[in-house]
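J.: one predicted model, sequence on top.
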Amino acid sequence: MIDIIVGAVLVILIGAAIAYIIREKKRGVACIGCPAAGTCGAKKHPGSAGCSCGAALEESLDEIREAVHGGK
């Protein structure tokens with residue numbers, strides 16, 4: 001009986017996740033997990049390289065790499 005309940009909960013969770021993804025894609029959101037997905041450059045310019053959601057993260061990582069390697 002427990003197996004059936006666990007299976008049903010998993011099916012519901014996976015179904016809800018798929019429905020969310022489909023709904024967001026129909027709205028035209030380019031990067032579903034991005035907080036700026038509704039105003040993303042990828043939405044305004046479909047031919048662009050994509051979303052800049054990770055741009056701030058990349059800049060932070062570059063700064064950390066420079067600090068660790070001494071600017072080499």
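T.: Alright, I've got the coordinates.

J.: where are the low-confidence patches of this protein?
T.: 30, 35-61, 71-72 (pLDDT under 70).

J.: now the helices for it?
T.: Along the chain, counting by DSSP state H, helices occupy 2-27, 41-44, 55-69.

J.: buried stuff in the first one?
T.: Taking 16 or more other C-beta atoms under 10 Å as the neighbour-count basis, helix 2-27 is seen to contain the buried residues E24. All C-beta spots, glycine's among them, are computed from the backbone N, C-alpha and C.

J.: for it, name the packing helices and strands.
T.: Taking 3 or more C-beta pairs under 8 Å, 6 or more residues apart in numbering; DSSP states H and E as contact, there are no helices or strands that helix 2-27 lies on.

J.: to G33, which of the helices of the chain lies closest?
T.: helix 2-27 (9.6 Å; C-beta to C-beta).

J.: so which of the helices of the chain is nearest C34?
T.: Across the helices of the chain, closest to C34 is helix 41-44 (C-beta to C-beta), at 9.2 Å.

J.: re the thing from before, want to throw the helices of the chain into JSON lines with distance to C34?
T.: Formatted as JSON lines, the helices of the chain follow (distance: least, C-beta to C-beta, whole Å):
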{"stretch": "helix 2-27", "distance to C34": "11"}
{"stretch": "helix 41-44", "distance to C34": "9"}
{"stretch": "helix 55-69", "distance to C34": "11"}
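
J.: distance of A16 from I22?
T.: 11 Å (C-beta to C-beta, to the nearest Å).

J.: now do G33
T.: Using C-beta to C-beta, one obtains 15 Å as the distance from G33 to I22.
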